[in-house]
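Sequence and predicted structure below; questions after.
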Amino acid sequence: MSVSLKIKNSIVAKPTTKHWLTIVLSVFFLVCGVAGIAPTKSLKDFSLSPPLQAKETNRAVKKWTCPMHPHYIADDYGTCPICGMDLVKIQSLNETTDQNNPNEKPIITIAPETIQNMGVRLAKVEASKFGKNIRSFGIVKENERLQSEISARVEGWVETLKITAVGDEVKSGDVLFEMFSPELIVSQRDYLLALKQSKTAQNNITRRLLSFGVQQKALNLIAKQKTVQQNLPFFATQKGTIAELNVTPGTYVNKGMTIAKIQDYSTVWVIVNVSEKDMGFITKGTKTTVHFPNLPGKTISSKVDYIYPKINERTRTGRVRLIINNKEGTLRPGTYADVVFNTQISERLSVPTEAVLKDQNGSYVVTSLGNGKFQSKEVKLGLVTGGRAEIKSGLDLNQEIVISSQFLIDSESALRESFKKLERKQRPLNQLNLSKIDLAKFDHMVDAALYIHEALTQNFDIEKKQLEPAIAIKTILWSTYKETKLAGILMDTEAALKRAQSSKTKSELQQALSQMINALEPWLQQGKPEHYKSKELKVFKTKNSKQHWIQLSQKPANPYNKEQFDLIPWPEISKTTMEQKAKQQTPNTNKSMRGSSHDH
């Protein structure tokens, strides 16, 4: 910034080499300050004085409000100007806030007799086991892992069929059928010839026969007998029961045709449908108890083998798979099963469900701090069952909480918080005590107005990038002053600075300057007039167009036109007010608006 408020006898001059060096250094230190990397300051230098905060936040609330219009707050007793009702005191509760975490709800204090009349009951945060028996139904299904399929890979005829019907029991290695295929006969002859040739030739013809579905046992038979098998045998690859048979002796088969299926029923699956709301209680390995209506009195214990990833959109249920031992063969696919999931969970922090309050921002629990002090704490909930709610975060073991009438305490706490915000927003600008650091930050906006005024009166173009630090001030101060009357000034000044930054003509820059001074004037005249008066800052207003500008103590220069103008006097500040404000300011504040002097 090419201009900053100076001590007495400061002169605004057209930019020179030394002047621009000052600009560069000023911008550098400003950017460092914004980024939090100032070489001579730490983050602590940018925080309010803790004693001052404690003094402000620990005061007892002594206000009056209307029962019908709680947004109306008065310092003295009287009647509501809206409805005429008598005002009531807001002093049953005292409040404090944690300065290390300003987002927390305030701590409120309630008199012992009031606690008794409200029927407040307390409990402790405890570790408890969450368990829920989920009951659902399932259907017995074949274990697909114990299923094999025999398909034709070449064309041919089934000559001999060793299995005759579905349900035949087979063992691994049993002959299932014999097949006549011209293609297999040719390949067998090549195989016998290859046995007399090199190892490579043997491997090639062996791979061809295996690709045709010929099993190793059949190849061993051909090699042993050294003859072509007109009807080549095919063997069972596992034990089990014939679950499907699609051929009879003499059937012609094509490539890809399924000849038979073998199913091992020694174990079966039970596919269970579980309500969507209960799926969160079930994990892989959850123990279950299974009852079968067709087997009265028989109970089988199992566990969850797999949880299917999808939810049925129509029934809103998920599927869970169990594995059941069925060596006796009494469980048949399609059988109905009654399943109970024993969802015992390890110990977790929990509170009674009646202790939890909810609003649009989340879940809260009112904690008791002792001596009649209470505070609402935001919590993150987990499982809720059996009258207790799991606490994932927000509370500690054995912490005392309120389990009855807590909604009254929380409502009163929220009301106190609203009163506090309203009171702060209604506070006049002259009662906003900005720290030295915050005031120096704000003064970058004033410096920007001086810079633009100089550009207009000295006829040089502004460096638009130099306005960026001043524009950033609104964001930097917003979290602290967004609930005060300074918020509007910050917003309007930021908008004017952006308008100046985007200006392309002199008239547009003049309009931006007028808009900026209009935004800043309430703070200059009402907020810290003694501060700016001590810097010999002057505010001027044109007589006809009523446009304002500011400049330091020097010959007035109208940046708008040649019309006449008036000097706006600073308001009179009482000696008492000056002394009170001086106590709250740290020493050495009269060097410059940023707390240090800059030489042009």
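Arrived safely, thanks for sending. Numbering: from 1, shown residues only.

quick one, strands of the stretch 501-600 of the chain?
For the stretch 501-600 of the chain, the strands defined by DSSP state E, counting those that start in this stretch cover 538-542, 548-551, 565-568.

Turn those strands into a markdown table, columns for mean pLDDT, distance to Arg332 and mean neighbour count.
The way it works is simple: take the backbone N, C-alpha and C, and place the C-beta from them, glycine included. Putting those into a markdown table (pLDDT from 0 to 100; distance: least, Cβ to Cβ, whole Å; neighbours: other Cβ atoms under 10 Å) gives the following:
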| stretch | mean pLDDT | distance to Arg332 | mean neighbour count |
| --- | --- | --- | --- |
| strand 538-542 | 91 | 96 | 18 |
| strand 548-551 | 91 | 94 | 23 |
| strand 565-568 | 90 | 99 | 14 |
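
Mind putting those strands into a markdown table with distance to Asp190?
Shown next, in a markdown table, are the strands of the stretch 501-600 of the chain (distance: least, Cβ to Cβ, whole Å):
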| stretch | distance to Asp190 |
| --- | --- |
| strand 538-542 | 109 |
| strand 548-551 | 105 |
| strand 565-568 | 112 |
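
doesn't Asn294 make contact with Asp338?
No. Assessed by Cβ atoms under 8 Å, Asp338 is found out of contact with Asn294, at 11.1 Å.

thinking again about what came up before, and the strands of the stretch 501-600 of the chain: which comes nearest Gln216?
Among the strands of the stretch 501-600 of the chain, the nearest to Gln216 by Cβ to Cβ is strand 548-551 (99.2 Å).

Parallel or antiparallel, list what pairs with the closest one.
strand 538-542 (antiparallel) (DSSP bridges).

For the nearest residue to Ile110 once chain neighbours are set aside, give its distance to Thr505.
Using Cβ to Cβ, 6 or more residues apart in numbering and skipping residues adjacent in sequence, the residue nearest Ile110 is Gly372, 5.1 Å away. Separation of Gly372 from Thr505 (Cβ to Cβ, to the nearest Å): 66 Å.

go on, Ser181?
Distance, Ser181 to Thr505, by Cβ to Cβ: 94 Å.

returning to what we had before: of Asp338 and Asn294, which one has the most company?
Neighbours were counted for Asp338 and for Asn294 using other Cβ atoms under 10 Å; Asp338 has more, 15 against 12.

can you list contacts of the helix or strand hosting the more buried one?
If you go by DSSP states H and E, Asp338 is part of strand 336-342. Applying Cβ atoms under 8 Å, 6 or more residues apart in numbering, the set of residues contacting strand 336-342 from outside is 131, 133-140, 270, 272, 274, 278, 281-282, 286-294, 304, 320, 322.

residues contacting the residue nearest to Ile110?
Residues near Gly372 by Cβ under 8 Å, 6+ apart: 109-112, 115.

Narrow these to those in helices?
Applying DSSP state H to these, the entries found in helices are 112, 115.

Among the contacts of Gly372, the buried ones, what's the ChimeraX command?
Buried members of the contacts of Gly372, defined by 16 or more other Cβ atoms under 10 Å, are picked up in ChimeraX with:
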select :109,110,115
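
Pick out whichever of the contacts of Gly372 sits closest to Ala448.
Within those, the smallest distance to Ala448 is 46.1 Å, found for Thr109 (Cβ to Cβ).

would you list every one of the helices in the stretch 451-600 of the chain?
Assignment of helices within the stretch 451-600 of the chain using DSSP state H, counting those that start in this stretch yields the ranges 468-481, 486-501, 506-522, 529-534, 575-584.

Asn326: which of the ones you listed is closest?
Of all those, it is helix 468-481 that lies closest to Asn326, at 66.6 Å by Cβ to Cβ.

End to end on stretch 380-392, go ahead and measure it.
Taking Cα to Cα, to the nearest Å, stretch 380-392 runs 5 Å from one end to the other.

Ile282 and Ile324, how far apart?
For Ile282, the distance to Ile324 - Cβ to Cβ - is 17 Å.

Which stretch among the strands of the stretch 501-600 of the chain approaches Glu149 most closely?
It's strand 548-551; of those, that one is closest to Glu149 (Cβ to Cβ) at 90.9 Å.

any residues touching that closest one, and which ones?
Identification of contacts with strand 548-551 by Cβ under 8 Å, 6+ apart yields 12, 446, 449-450, 453, 513-514, 517-518, 520-521, 524, 537-541, 557-560, 568.

And stretch 377-392, by the same measure?
With contact meaning Cβ under 8 Å, 6+ apart, stretch 377-392 is reached by 104-105, 125, 128, 130-132, 280-281, 345, 348-353, 355-356, 361-367, 393-395.

Among the residues you listed, name the ones in strands.
Per DSSP state E, strands hold the following members of the contacts of stretch 377-392: 128, 348-352, 356, 362-367, 393.

JSON lines for the residues you listed, including distance to Thr330?
Converted to JSON lines, the ones in strands among the contacts of stretch 377-392 look like this (distance: Cβ to Cβ, whole Å):
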{"residue": "Ser128", "distance to Thr330": "40"}
{"residue": "Arg348", "distance to Thr330": "40"}
{"residue": "Leu349", "distance to Thr330": "45"}
{"residue": "Ser350", "distance to Thr330": "42"}
{"residue": "Val351", "distance to Thr330": "47"}
{"residue": "Pro352", "distance to Thr330": "46"}
{"residue": "Val356", "distance to Thr330": "48"}
{"residue": "Gly362", "distance to Thr330": "52"}
{"residue": "Ser363", "distance to Thr330": "49"}
{"residue": "Tyr364", "distance to Thr330": "55"}
{"residue": "Val365", "distance to Thr330": "52"}
{"residue": "Val366", "distance to Thr330": "57"}
{"residue": "Thr367", "distance to Thr330": "57"}
{"residue": "Ser393", "distance to Thr330": "50"}
